[in-house]
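J.: sequence unknown, structure follows:
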């Protein structure tokens, strides 16, 4: 697991190539031990790394491998996370219909598992799809569900409701300053 942790530190520092080396080495070790959850987690992280490098085919391949593992061990929370990750790739390559499909699957699983954080992520992602489609009222509805002030400010400004946009932006800044 040390290799994985070191790979994550390198990833956080933006050293993707060295991170990838460590993660692949960790993956090899986990594959020899057959520890499925560890393999799934590492594959998911390698997928994220490739996604951040805009190597979407490779990211898909690792997400698919991780998804198969988490389906096999019936880890619905990780399956939901992967649906969100897959949705993000589809959104990145401008395939909004596919992205929405995966975000909705992620939302359904998050609700089934009482994963509030997963629900918020999926709802926000669904709102982003509506925003990109210029379906501002649908985007607004999603962002209101999760109280996402920055996204609400953006959407209100798209609707030319500048007073509401300003209020959301101001409240968001106030919270940010309080948190630090």
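T.: The structure has been received and is ready for your questions. Everything numeric in this text was worked out from a predicted model, so none of it was measured.

J.: where's residue 85, which helix or strand?
T.: Using DSSP states H and E, residue 85 maps to helix 76-92.

J.: mean confidence for the next helix or strand after that helix?
T.: For helix 76-92, the following helix or strand on the C-terminal side (DSSP H and E) is helix 96-112. The average pLDDT for helix 96-112 rounds to 97.

J.: contacts for the helix or strand following helix 96-112?
T.: Sequence order places helix 116-132 as the next helix or strand after helix 96-112, per DSSP H and E. Residues outside helix 116-132 that contact it (Cβ atoms under 8 Å, 6 or more residues apart in numbering): 77, 80-81, 83-84, 87-88, 91, 96, 99-100, 103-104, 106-107, 109-111, 136, 138-143, 145-146, 148, 151, 154-155, 158. For the C-beta atoms, the positions are set from N, CA and C on the backbone; glycine is no exception.

J.: tell me the pLDDT of the closest residue to residue 47 other than its chain neighbours.
T.: The spatially closest residue to residue 47, leaving aside those adjacent along the chain, is residue 62, at 3.6 Å (Cβ to Cβ, 6 or more residues apart in numbering). We have a pLDDT of 98 for residue 62.

J.: check contacts around residue 62.
T.: 43-44, 46-47, 50.

J.: element containing it, please.
T.: Going by DSSP H and E, residue 62 is part of helix 56-72.

J.: over to residue 38?
T.: Going by DSSP H and E, residue 38 is in helix 36-52.

J.: pLDDT averaged over that helix - what is it?
T.: 96.

J.: list the buried ones in that helix?
T.: 36, 38-51 (16 or more other Cβ atoms under 10 Å).

J.: how about stretch 107-117?
T.: Buried residues in stretch 107-117 (16+ other Cβ under 10 Å): 107, 109-110, 115.
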